[in-house]
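Predicted model and sequence below, questions to follow.
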Amino acid sequence: MRTKIIAGNLLTLLVVGLAAYAMVKTNVESAFAAEVDTRITTDYQLLSRSIALYGRELVALVEQQASTRGIQDVFGAMDEHGRRQRGFEASQRVSTWLGDPARGHRGRPDITAVVDDTGRVVARDSDVNAMFGVDLGAQIPAIGEALHGNASVAVWESTQDNKALQVAVAPIRSEEGRILGALVVGYDLSNGLATSEGDLIGRDVAFVWGDRVYSSSLDGSRPTELAADLFGTSNAATVAARDGSIVSAPFSLTLEGEDHIAVVGPLPSSSAHVAMVVLGNRSAQIAKASSVSFILLLTGIGALIVAAYGFFMGSSILAPIAQIEEGVLQVMNGRTDYRLDIQSQDFGGLAYRINQLLNVLTRTEEVDESGAVAGGGSGGGWSDQSRDASTVADPNASSAAAGAPSDEAEADPEVAARLAAEPEDAYYTRVYTEYVAAKQAVGENVSNIPQDKFVQRLKANEQGLLKKHGCRLVRFQVQTRGTQVNLKPVIIR
């Protein structure tokens, strides 16, 4: 039975716990996956705005530096050598200024250069002789706009360095307002940029240049796998974004065995063959649902508690039942004096009633909680007389039926007068004392005969006899016959 109790409770707990886990896990996984799927296009838009905003900030900084005296003085040199030296020094100052962490920018630029009014390089940072005379205006259309007075941002595909750079170009004007040249500052679309932008929007970011993944925030073999998909299964979307400035619809791909969803679109403010990709890791997002595994842990803990509690409760139920079964077996085997002694709130009442039943069957006296006496036929106890006093008082009742002599119904007038004159309290105390003494004299246990209950039962039987005989008063006398102690009713007219 204990096993059934434990198994039933455990089965219920496990069914409920596992069902809750499956339902919650499915719903949470669906919610997490849907979050990636529905937000990926918005994340691309956030990246596009971030890149565009960064370009505007860079343009503002470059315009600020292009208007300084140090930049203007480059074109005040007397000869080409002096102009180149001043251009180099000015480029170094601007590069260092932008690289100061106080600027809150990307750090030191990959290139800072001063070009003349024809778009050719006067000097650049890092090397006074590097790129001297190179026609950057032919490579960066934004230089032409700057020489017409408009600062702007663009992407420079530097085939010489095999780099794709985001550049800001601002015009350099004389004090009279004449355009002398332009200041060019460029930052590589590097892995670092992809990582910082990816951290900003909470997604992976990659830049595509030409037919390759130029840089990304991805690690391991994922950039290679991304390139294989972009120029394989998703080639049409990639080419449209790179060359046609079309943002793709979200598409699925797998990187290192993990499911991703991605959007590819053009780099803002760029006419170059550069695109950018935003990727959401669906597998990693769904893995967040593993937190619901806590339900399994709680279910396991609950199962242990249920098992322990079931064992305890099963024992508390089975142990008394086993005692009752053993006690009944003892009585069946001849031990008629055996009584159950079970200290259990749940089974104590049942054991008490079984003891009462045994007392009746074996004709043994026992006072219950209310003062009533169970059994007692052969013992001749006061309970017999209390129960059968009306029969005893009936002159026509047989002695066998009454359990007392038939002449108990009437008493000697002298005895009746003496009993009637006795004060009530003294009478009940005396009868109880004589009854207990008589019981003890024949060797019976009187610990289960409390005086208050004795008197209560005696009064109840007196009332019954009064109604039956219509007499004035009823008193009892203690009578001992052999080993039997009886209470003899005395009818007083």
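Good, I have the coordinates.

low-scoring stretches of this structure, by residue?
Residue ranges of the chain with pLDDT under 70: 1-2, 5, 29, 33, 104-105, 288-292, 294, 363-411.

Residue ranges of each domain in it, please.
Each domain of the chain is listed here as a residue range: 1-327, 363-492, per automatic domain parsing.

Strands of the stretch 251-400 of the chain, residue ranges please.
Remark: strands assigned in the stretch 251-400 of the chain by DSSP state E, counting those that start in this stretch are 251-255, 258-266, 274-281, 366-367, 373-374.

Relative to residue 319, which of those is closest?
Across these, residue 319 has its closest neighbour in strand 366-367 (24.1 Å, C-beta to C-beta). Yep, even glycine has a C-beta here, placed from its N, CA and C like the rest.

Tell me how many other residues surround residue 100.
11 (other C-beta atoms under 10 Å).

Contacts only, for it.
Applying C-beta atoms under 8 Å, 6 or more residues apart in numbering, we find residue 100 in contact with no residue.

do that again at 10 Å, thanks
Residues counted as contacts of residue 100 (C-beta atoms under 10 Å, 6 or more residues apart in numbering) are 107-108.

rewinding a little: deepest-packed of the strands of the stretch 251-400 of the chain, please.
strand 274-281 (a mean of 25; mean count of other C-beta atoms under 10 Å).

Alpha carbons only: can I get it in CSV?
Written as CSV, here are the backbone C-alpha positions of strand 274-281 (Å, rounded to 0.1, in the frame of the first residue of the first chain):
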residue,chain,number,x,y,z
VAL,A,274,30.1,47.3,-50.4
ALA,A,275,27.2,45.7,-48.4
MET,A,276,26.6,44.9,-44.8
VAL,A,277,25.0,41.9,-43.2
VAL,A,278,23.2,41.6,-39.9
LEU,A,279,22.8,38.1,-38.4
GLY,A,280,20.7,36.8,-35.6
ASN,A,281,21.7,33.5,-34.0
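
doesn't residue 351 make contact with residue 323?
Yes: contact criterion C-beta atoms under 10 Å: residue 323 and residue 351 qualify, at 7.8 Å.

okay, the two: which has more neighbours?
Per other C-beta under 10 Å, whichever of residue 323 and residue 351 has more neighbours is residue 351, with 19 against 16.

show me what contacts the more buried one?
320, 323-324, 327, 339-344.

From the residues you listed, list just the buried residues.
Neighbour counting with 16 or more other C-beta atoms under 10 Å marks 320, 323-324, 327, 339-340, 342, 344 as buried within those.

got those as TSV, with distance to residue 258 columns?
Output for the buried ones among the contacts of residue 351, formatted as TSV (distance: C-beta to C-beta, whole Å):
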residue	distance to residue 258
320	60
323	64
324	65
327	69
339	75
340	69
342	65
344	61
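
between those, which is nearest residue 78?
Closest approach between the buried ones among the contacts of residue 351 and residue 78, by C-beta to C-beta: residue 344, at 115.6 Å.

Can you pull the phi/psi pair for that closest one?
Per-residue torsions, residue 344: phi -140, psi 130 (degrees, to the nearest 10).

picking up where we left off before, what touches both of residue 323 and residue 351?
Common neighbours of residue 323 and residue 351 (C-beta under 10 Å, 6+ apart) are 340-342, 344.
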